[in-house]
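Could you look at this predicted model? Sequence included:
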Amino acid sequence: MTDQIQGRRQAEDRVEPVRVDDSSTASSKANGRPATRGFDTLAVHAGERVAPVGNWLPISAPIYPSNTFVYPTAAELDAAFDGEGDGYVYTRHGNPTVVAFERAVAALEGAAAAVACGSGMAALHLALLASDVKAGSHVVASRSLYGASATLLEGVFAALGVT
């Protein structure tokens, strides 16, 4: 599944970020190296890789409110669904706005990558799986959990041998 999602992001990943010439800043003049963006600047600009649209370029990453995407041919759509082609098929599985957000979070956290989830329950489930919770594992949690979180632990994970 991860490979399929990554495959859908390939086209976006090939778009080079817009570079601003920082050579005129005081810090780059002082040490002869390009300026490094500080946390505040990263908070505003991290994650931006803006793709050209025709012969013009947007200043910042656009928001894609679409939940589905159109392809020129059925074969290209099939390839995207199979994770073999570039692009996106359904926003729950990723879209350019989500990718920009993930890049921003990764940059702000100093991480190689980040994953955005469509819901808190998806995030909790992913966190448990990423923690290598498996049969024989024990999860310590408060009794005053959100109901669906308790159901996930007492139902789904308990059935897998997690206590």
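Sure thing, it's come through. Numbers count the residues shown, from 1 in each chain.

Okay, helices next: where are they in the protein?
2-8, 10-13, 26-31, 39-45, 74-81, 96-109, 120-130, 147-151, 158-159 (DSSP state H).

Check those for me and report the most buried one.
For these, the largest average neighbour count (mean count of other C-beta atoms under 10 Å) is found in helix 96-109, namely a mean of 18. Placement of C-beta: from N, CA and C, glycine included.

Centre of the chain to that one, how far?
Relative to the chain's own centre, helix 96-109 is displaced by 6 Å; criterion: C-alpha atoms, centre = their mean, to the nearest Å.

Can you dump the C-alpha atoms of it in PDB for me?
Output of helix 96-109 as PDB, limited to C-alpha atoms (Å, rounded to 0.1, in the frame of the first residue of the first chain):
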ATOM      1  CA  PRO A  96      -0.800  17.600  -3.800                       C
ATOM      2  CA  THR A  97      -2.100  19.700  -0.900                       C
ATOM      3  CA  VAL A  98      -1.600  16.800   1.600                       C
ATOM      4  CA  VAL A  99       1.900  16.200   0.200                       C
ATOM      5  CA  ALA A 100       2.800  19.900   0.700                       C
ATOM      6  CA  PHE A 101       1.500  19.600   4.300                       C
ATOM      7  CA  GLU A 102       3.500  16.400   4.900                       C
ATOM      8  CA  ARG A 103       6.700  18.100   3.600                       C
ATOM      9  CA  ALA A 104       6.100  21.100   5.800                       C
ATOM     10  CA  VAL A 105       5.700  19.000   8.900                       C
ATOM     11  CA  ALA A 106       8.800  17.000   8.100                       C
ATOM     12  CA  ALA A 107      10.800  20.100   7.600                       C
ATOM     13  CA  LEU A 108       9.600  21.700  10.800                       C
ATOM     14  CA  GLU A 109      10.300  18.500  12.800                       C
END
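
How is this structure partitioned into domains?
Per the record, the chain has its domains at 2-109, 120-159, by automatic domain parsing.
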